[in-house]
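[1] From the sequence below, what's the structure:
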Amino acid sequence: MRVGIFGAGAIGCYLGARLAAHGQRVTLVGRASLADEVARAGGVTLTDYRGFERKVSVDVSTSASALAECEAVIVTVKSSDTAAAGEELARVLPEAGASCTVVSLQNGVRNAEVLRAKLGARRVCAAMVPFNVLRRDAARFHQGTGGELAFERSPATEALARACVEAGLEASVYDDVAPIQWGKLLVNLNNAINALAGVPIKSMLADRGYRRVIAACVGEGYEVVRRTGIQPKLPIKVPLPVMLAALRAPDFVYVLASRALPPIDPLARSSMWDDLERGRRTEIQALNGEVVALAKARGLAAPVNEAIVALIEGVEQARARDGQSRSPNLSASELLRAVGDRA
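    You can find the predicted model right below:
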């Protein structure tokens, strides 16, 4: 396949390079800084939590026009940039719907809708990436957690899923990925907590205080989503109420329950932590903010997620004010105080 990655960041570079390493013709479209970084490093280096490591040569462009002949274009921009991405792709992709399939591989649940509104008759499919990728120096990208890529069914995404499996990744196609997207959104509610804590995910989960905050945040989100009639499908092997109870439980109980979770690399951190460290706009409104908006629309309350949104936006406002943006490295007790007695 000719595969394009539009908005190549950590996830886009990692997935694109994995596909390129196994024979797919891949073009990454990203910032000039990415093109320079890859050129200096002589390619992209991939690693993962299982010990995989490989250096891959891949084409990098700064222009969307490089994607004009692709059979599949995977969009990996931040949710706030989706509309602009759709407009740019509409200028360069053929109008015939069957010639190219655009795949939204982004956080949140509304990006495919936004792309469809901008791309007219072109086919747009939703997708979900479950794993975490950390961008390191010198064009190095590390997959820190496991999980199965989920694609909305189409001829192009079926071929793309097969290519992902051949590249050593887990992937499947589904007639309806919306429940999977909502399930991923609930899991992703911990991204902001990890960004605020400033510690690796595994270290965060080893602390019962942080786990209590995560349980309060995810549990509140699940209740809001459930009461609106949505049935989320979460990427875990045990019922969510059981996992929430385990998160709140003493360490030895959590350790037993965590065996049902995908493996986590000791160095893995959330993409939102990376956004704060690099001074980029976060996706807080597409994640915790989505829960808050959904709750308000249905006359419900989501105070825990409101508190988390306020903390992340406070960091972003400080960056706008003084030009500095880093994780505030909040302790578990500080986060517990921030969400009040709801954890």
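
[2] contacting residues for residue 251?
    Applying Cβ atoms under 8 Å, 6 or more residues apart in numbering, we find residue 251 in contact with 206, 208. Any C-beta I mention is one placed from the backbone N, CA and C, and that applies to glycine too.

[3] Next one, pLDDT for it please.
    pLDDT, residue 251: 94.

[4] Tell me the spacing between it and residue 202.
    Look at residue 251 and residue 202: by Cβ to Cβ, to the nearest Å, they are 13 Å apart.

[5] In the protein, where is pLDDT below threshold?
    Where the chain drops to pLDDT under 70, the residues are 96-98, 341-343.

[6] can you map out the strands along it?
    2-6, 25-29, 44-48, 53-56, 59-61, 72-75, 101-104, 123-128, 133-136, 140-143, 148-152, 170-174 (DSSP state E).

[7] quick one: strands adjacent to the first one?
    Counting by DSSP bridges, the strands paired with strand 2-6 are strand 25-29 (parallel), strand 72-75 (parallel).

[8] now what about the longest one, what contacts it?
    Contact with strand 25-29 is made by 1-8, 12-13, 16-17, 19-20, 34, 38, 58-64, 66-67, 70, as judged by Cβ under 8 Å, 6+ apart.

[9] Report the buried residues of that strand.
    Within strand 25-29, the residues that count as buried by 16 or more other Cβ atoms under 10 Å are 26, 27, 28, 29.

[10] Spatially central residue in this structure, please.
    In the chain, the centroid-proximal residue (Cα atoms, centre = their mean) is residue 107; its distance is 4.5 Å.

[11] That one and residue 288 touch, don't they?
    No. Using Cβ atoms under 8 Å, residue 107 makes no contact with residue 288, being 11.1 Å away.

[12] about what we covered before: wait, which of the strands paired with strand 2-6 is closest to residue 181?
    The closest of the strands paired with strand 2-6 to residue 181 is strand 72-75. By Cβ to Cβ, the value is 14.2 Å.

[13] And for the closest one, what's in contact with it?
    For strand 72-75, contacts defined as Cβ under 8 Å, 6+ apart pick out 1-7, 12, 15-16, 67, 82, 85, 89, 93, 100-106, 111, 115, 127, 156-157, 159-160.

[14] follow-up on the earlier one: include distance to residue 334 when you put the strands paired with strand 2-6 into a markdown table, please.
    Compiled in a markdown table, the strands paired with strand 2-6 are given as follows (distance: least, Cβ to Cβ, whole Å):
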| stretch | distance to residue 334 |
| --- | --- |
| strand 25-29 | 39 |
| strand 72-75 | 36 |
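
[15] returning to what we had before: contacting residues for the residue nearest to the centre of the chain?
    Taking Cβ under 8 Å, 6+ apart as the test, what residue 107 contacts is 79, 184, 185, 188, 271, 283, 286, 287.

[16] which residue sits closest to the last one, ignoring its sequence neighbours?
    In this structure, residue 287 finds its nearest non-sequential neighbour in residue 188, 5.1 Å apart by Cβ to Cβ, 6 or more residues apart in numbering.

[17] what about the one you found, distance to residue 128?
    On the measure of Cβ to Cβ, residue 188 and residue 128 end up 10 Å apart.

[18] Also residue 233?
    10 Å.

[19] what do you get for residue 192?
    Taken as Cβ to Cβ, the span from residue 192 to residue 128 is 19 Å.

[20] Ok, residue 19 next?
    17 Å.

[21] quick revisit: drop anything exposed from the contacts of strand 72-75.
    Using 16+ other Cβ under 10 Å, the buried ones in these are 1, 3-7, 12, 15-16, 67, 82, 85, 89, 93, 100-106, 111, 115, 127, 156-157, 159-160.
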